[in-house]
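Chemist: I'll drop the sequence and a predicted model, then ask my questions.
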Amino acid sequence: MQYDLRHYIDHTLLRPSADVSEIRQLCNEAMEYGFYGVCVHGSHTLFSRYLLRGSPVKLVTVIGFPLGVMSTDSKVYEAEDAIANGADELDMVLHLGALKAGDDAYVVHDISRVKKVMGQRPLKVIIESASLTPTEIRKACELVMAAGADYVKTSTGFGEGGARLEDVKLMKEVVGDRLKVKASGGIRDRAAALDFIAAGASRIGTSSGPALLSTHKPSKP
């Protein structure tokens, strides 16, 4: 099957030292190549919204990033602030400690509170799959579904590991058509991206968007 990678890529820049010139480059590349979205920190949301004005590129902001262990109220405030500044989608980090401790109610509450303030905007929940056992991945996916999110996402890129094909296949097996899967973390070439899509990913988070399209020319001269 042939995939147009442009429609899968969230072109991502979450390095803490990134400055406004790099954010400008990120957004310009996303528009030039026709990527699905860009993914940035909250402090870059308003500037990115300005840069992307008039384009179809979606603006994705991370919430509770990268650890996920701040209070639920803090995550809700971040979500409200990101939406006020123009975010189209949010990628929030699941509370890993609560998941591993078996506090399912906390995990569901944490996610559902964020989803509640988002309206129809898509919410992706990062489970840091490389830090989980297969049983924990299954549980995380079930809780994300129970909380009303729209995607389950592999990784922050700042944890113990990135996206793994076996994890994406398992996540897709659990969620089926009820949620979508985003693969993110260490995806730096076209072949890897295509493998993740074939495994069930509906979105690819990467800081290497142009490299993934090495056989494509930009959509604009």
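Modeler: Nice, I can see it. Residues are numbered from 1 along each chain as shown.

Chemist: SS state for the spatially most central residue of the chain?
Modeler: Nearest to the geometric centre of the chain sits Asp91, at 4.7 Å (C-alpha atoms, centre = their mean). At Asp91 the chain is in strand, as set by DSSP: H, G, I helix; E, B strand; the rest coil.

Chemist: regarding the nearest residue to it once chain neighbours are set aside, what is its secondary structure?
Modeler: Leaving aside its sequence neighbours, Asp91 sits nearest to Lys124 (C-beta to C-beta, 6 or more residues apart in numbering; 4.4 Å). In this view, the C-beta of every residue, glycine as well, is placed from N, C-alpha and C. Three-state call for Lys124 (three-state DSSP): strand.

Chemist: please begin residue numbering at 5 from this point
Modeler: Sure, I'll start numbering at 5, so the last one becomes Lys128.

Chemist: partner residues bridging Lys128?
Modeler: Beta-bridge partners for Lys128, by DSSP bridges, are Asp95, Tyr155.

Chemist: distance check, it against Asp199.
Modeler: 20 Å (C-beta to C-beta, to the nearest Å).

Chemist: which positions within stretch 199-206 qualify as buried?
Modeler: For stretch 199-206, the neighbour count (16 or more other C-beta atoms under 10 Å) marks 199-201, 203-206 as buried.

Chemist: what does that stretch contact?
Modeler: For stretch 199-206, the surrounding residues in contact (C-beta atoms under 8 Å, 6 or more residues apart in numbering) are 5, 7, 9, 12, 155, 167, 169, 172-173, 175-177, 184-187, 191, 208.

Chemist: same question for that stretch, mean pLDDT?
Modeler: Mean pLDDT, computed over stretch 199-206, is 98.

Chemist: how about stretch 30-48?
Modeler: pLDDT averaged over stretch 30-48 gives 98.

Chemist: for it, which positions count as buried?
Modeler: Those would be 30-31, 33-35, 37-46, 48, for stretch 30-48 by 16+ other C-beta under 10 Å.

Chemist: please apply the same query to stretch 94-105.
Modeler: So for stretch 94-105, counting by 16+ other C-beta under 10 Å, buried means 94-100, 102-103.

Chemist: nearest to Glu26, of those?
Modeler: Asp95 (19.0 Å; C-beta to C-beta).

Chemist: hang on, the closest one packs against Lys62?
Modeler: No: taking contacts as C-beta atoms under 8 Å, Asp95 lies outside contact range of Lys62: 11.5 Å.

Chemist: just give me how far the helix or strand where Phe200 lies sits from the chain centre.
Modeler: According to DSSP states H and E, Phe200 maps onto helix 194-203. Centroid separation for helix 194-203 versus its chain: 16 Å, with C-alpha atoms, centre = their mean, to the nearest Å.

Chemist: can you check stretch 206-221 too?
Modeler: Per C-alpha atoms, centre = their mean, the displacement of stretch 206-221 from the mean C-alpha position of its chain is 15 Å.

Chemist: and that stretch, which residues are buried?
Modeler: In stretch 206-221, counting by 16+ other C-beta under 10 Å, buried: 206-214, 216-217.

Chemist: Met74: which of those residues is nearest?
Modeler: Using C-beta to C-beta, the buried residues of stretch 206-221 come closest to Met74 at Gly209, 21.0 Å.

Chemist: partners of the closest one in the sheet?
Modeler: Asp14, Ser188.
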